[in-house]
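Chemist: Quick one: sequence and predicted model below, then my questions.
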Amino acid sequence: MRDLLSFFALEPVLVDVGASAGPPHIWAPIAANSTYVGFDPDARAMTDAAQGIYRKTIIVNEAVTSDSNVAEVRFYLTRSPVCSSTLEPDAAALSNYHFHALFETEREAMVRASTLDAILLRLGLGRVDWLKCDTQGTDLRIFRSLGDKLQRGVLALDVEPGLIDVYRGEDLFVDAHKHAVANGFWLSRLDVQGAVRVRDASLQAVFRGAEDLAACARRAIRGSPGWCEARYLRTVEFLAESDAARDQYALLWLFSLLDDQPGFALDVALDYERRFGGDAWSERMRKEATLRIVRGQRFAVLTRAKSWVRRVAGWPA
């Protein structure tokens with residue numbers, strides 16, 4: 001990946017809003033060529049994992065807001081730092097789930113806040129190539145608050161919207177998905193996460209005196225959907241309509257390979273050729289995407305062959 005970035009002379013700008021868990025692992029192969037910008041006002045779980053790995057690392061310890069008229073916002077610091085939010089946890093709804101204690105507010109604080117536009121301007125960054133939002137309920141409004149130029153320049157978008165009511169007034173997946181698809185994105189990946197739905201009082205009534213009810217519940221009860229990790233990539237139609245430049249095609253192609261989408265990478269490469277003609281870039285994109293697909297075919301054939309041998313031999317799958 002570093003070789004490909006050097007070939008295209010690209011330096012992606014990767015923005016991580018809600019960075020307490022550290023940079024996404026998917027960015028590691030392109031870190032040495034990229035600028036990483038991480039935001040989180042709750043410094044309790046912040047790490048220095050990005051330092052020394054990225055070409056440039058910027059950590060901003062303030063909240064990102066969609067409201068350009070405020071200079072600070074109320075921040076709810078919860079028992080688990082990764083659950084802290086500018087939105088108040090919905091205690092009544094959470095009480096039905098066994099992980100509700102993670103969202104208990106330990107204290108409230110007024111923290112410095114700015115819009116993403118304003119902070120990027122302050123940092124001298126004029127674009128966002130890949131935006132990851134894990135803001136505990138405000139992902140959609142943060143993306144929508146970007147100015148038109150910055151918003152249209154986002155080629156990959158990661159959000160983690162809820163499927164249940166965890167925060168008061170939060171943006172849910174149905175809202176985020178509808179907006180993304182209507183504005184030039186397609187859903188490349190969706191990982192549904194969940195939690196055990198059972199009230200503490202119910203467990204206490206049945207397992208009176210048990211010392212580790214949490215472990216018991218996690219082992220015995222299937223988790224229910226609670227939120228999802230969604231990744232969107234721009235469509236080639238959007239790039240064409242936006243009169244996108246060569247480097248935007250190359251970055252979208254590269255991001256699709258990172259997300260294990262060689263078929264879409266081939267679509268991007270061929271659209272690039274149709275628009276700009278054949279050149280060294282188009283040749284490299286076409287060949288690399290094709291190679292990934294061929295490797296995938298070989299792996300699939302090998303996997304099927306191994307499965308057939310196991311069935312014939314009567315071995316366990």
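Modeler: Right, received. Where do you want to start? Residues are numbered from 1 along each chain as shown.
Chemist: and the nearest residue to R79 once chain neighbours are set aside, what does it touch?
Modeler: With Cβ to Cβ, 6 or more residues apart in numbering as the criterion, R79 has its nearest non-adjacent residue at 4.8 Å, and that residue is E104. All C-beta spots, glycine's among them, are computed from the backbone N, C-alpha and C. Listed by Cβ atoms under 8 Å, 6 or more residues apart in numbering, the contact set of E104 reads T78, R79, P89.
Chemist: From the residues you listed, keep the buried residues only.
Modeler: Taking 16 or more other Cβ atoms under 10 Å as the criterion, what is buried in the contacts of E104 is T78, P89.
Chemist: mind putting the contacts of E104 in a markdown table, distance to K56, pLDDT and secondary structure included?
Modeler: A markdown table is the format used below for the contacts of E104 (distance: Cβ to Cβ, whole Å; pLDDT from 0 to 100; DSSP: H, G, I helix; E, B strand; the rest coil):
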| residue | distance to K56 | pLDDT | secondary structure |
| --- | --- | --- | --- |
| T78 | 31 | 92 | strand |
| R79 | 34 | 91 | coil |
| P89 | 35 | 94 | strand |
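Chemist: Now R222: which helix or strand?
Modeler: Assessed by DSSP states H and E, R222 sits outside every helix and strand.
Chemist: residue boundaries of the strands in the stretch 151-300 of the chain?
Modeler: 156-159, 185-195, 224-234 (DSSP state E, counting those that start in this stretch).
Chemist: Dump those strands to TSV, plus mean pLDDT.
Modeler: Listed next are these as TSV, based on pLDDT from 0 to 100:
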stretch	mean pLDDT
strand 156-159	98
strand 185-195	95
strand 224-234	96
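Chemist: Which one of these lies nearest to L131?
Modeler: Closest of the strands of the stretch 151-300 of the chain to L131 is strand 156-159, at 5.4 Å (criterion: Cβ to Cβ).
Chemist: in its sheet, what does the closest one sit against?
Modeler: strand 130-133 (parallel), strand 224-234 (antiparallel) (DSSP bridges).
Chemist: Identify the residues contacting the last one?
Modeler: In this case it means strand 224-234. With Cβ under 8 Å, 6+ apart as the criterion, strand 224-234 contacts 97, 154-164, 166, 173, 176-177, 180, 184-197, 252, 255-256, 259, 261, 264.
Chemist: And the first one, by the same measure?
Modeler: Outside of strand 130-133, the residues that reach it under the criterion Cβ under 8 Å, 6+ apart are 12-18, 24, 27, 139, 142-143, 154-160, 255.
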